[in-house]
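K.L.:
Turn this into a model:
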Amino acid sequence: MRKPLNPTIIDIEASGFGSHSYPIEIGVVKGNGDRYCALIAPQPEWIHWCARAQEVHGISRELIETRGREPYDICMELNHFLGATTTYSDAWTHDSPWLNRLFYAARVNRSFYLSTIEMIATEPQLLLWDETKKSLEKRLDIQRHRASGDAYLIQQTYLETRRLIGMRPLAVRRTGR
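P.N.:
Numbers count the residues shown, from 1 in each chain. I've put the predicted structure just below:
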């Protein structure tokens, strides 16, 4: 698999973390820097709400009820925005079910493929990931935990870890005399 230089990243904020949670905001940053972000209107059957999740992302149920957009419109826009690309997530186990729930509610087939960032990041990158992400969050002065900002931070973390391992030659262990 050829690794993209600037991967397209997706991030989703949700009502909570359990099986009854649902997406409330979706953010994407493409390899060329183009961004997409939308608040998602809750559907009648989407009732679960976790106050602790709200503390993290700062999005209230009232905000998504008044400013959220319909899943159909968002899914059509995402398909148009992303086409038949591969989009990466650093939290695939959460983002995949939330993305599926969004597209199911819209009754729309997804045009793009969702994959985990581990499919393109190397082990040395992943070893630097958390520390690099924290450093970039401070340096980029990202104030709030929201989907589009997080997608950008994830993309920049991928790029910075690539740069860092490129600067650090891998240690070669010589066994011969």
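
K.L.:
Leaving out the residues flanking it, which one is nearest to residue 37?
P.N.:
Nearest non-adjacent residue to residue 37, counting by C-beta to C-beta, 6 or more residues apart in numbering: residue 148, 3.7 Å away. C-betas here are computed from N, CA, C, even on glycine.

K.L.:
How far off centre is the longest helix along the chain?
P.N.:
In the chain, taking DSSP state H as the definition, the longest helix is helix 147-167. Remark: helix 147-167 is offset 12 Å from the chain centroid, using C-alpha atoms, centre = their mean, to the nearest Å.

K.L.:
change the start of the numbering to 10 and stick with it
P.N.:
Will do, 10 is the new start, and the previous item becomes helix 156-176.

K.L.:
Helices of the protein, start to end?
P.N.:
With helices called from DSSP H, the chain shows them at 60-66, 70-76, 80-91, 101-115, 132-148, 156-176.

K.L.:
Figure out which of those is closest to residue 38.
P.N.:
Nearest to residue 38, of all the helices of the chain, is helix 156-176, at 4.5 Å by C-beta to C-beta.

K.L.:
Neighbours of the nearest residue to residue 69 once chain neighbours are set aside, how many?
P.N.:
Take residue 69 and drop its neighbours on the chain: the residue closest to it by C-beta to C-beta, 6+ apart is residue 63, 6.2 Å away. Using other C-beta atoms under 10 Å, residue 63 has 17 neighbouring residues.

K.L.:
For the protein, give me the ranges with low pLDDT.
P.N.:
Applying pLDDT under 70 to the chain picks out residues 10-13, 152-153, 176-186.

K.L.:
got a list of what the closest residue to residue 154 other than its chain neighbours touches?
P.N.:
Leaving aside its chain neighbours, residue 154 sits nearest to residue 66 (5.1 Å; criterion: C-beta to C-beta, 6+ apart). Applying C-beta atoms under 8 Å, 6 or more residues apart in numbering to residue 66 gives the contacts 22, 33, 34, 153, 154, 155.

K.L.:
For these, name the two members farthest from one another.
P.N.:
The most widely separated members of the contacts of residue 66, counting by C-beta to C-beta, are 33 and 153 (14.1 Å).

K.L.:
out of those two, which sits in the more crowded spot?
P.N.:
Comparing residue 33 with residue 153 by other C-beta under 10 Å, the one with more neighbours is residue 33, at 28 against 10.

K.L.:
list the contacts for that one?
P.N.:
22, 23, 24, 48, 49, 51, 66, 68, 73, 77.

K.L.:
Also residue 42?
P.N.:
Going by C-beta under 8 Å, 6+ apart, residue 42 touches residue 15.

K.L.:
go on, the one 5 residues further on?
P.N.:
The neighbourhood of residue 47, defined by C-beta under 8 Å, 6+ apart, consists of 34, 35, 78, 83, 86.
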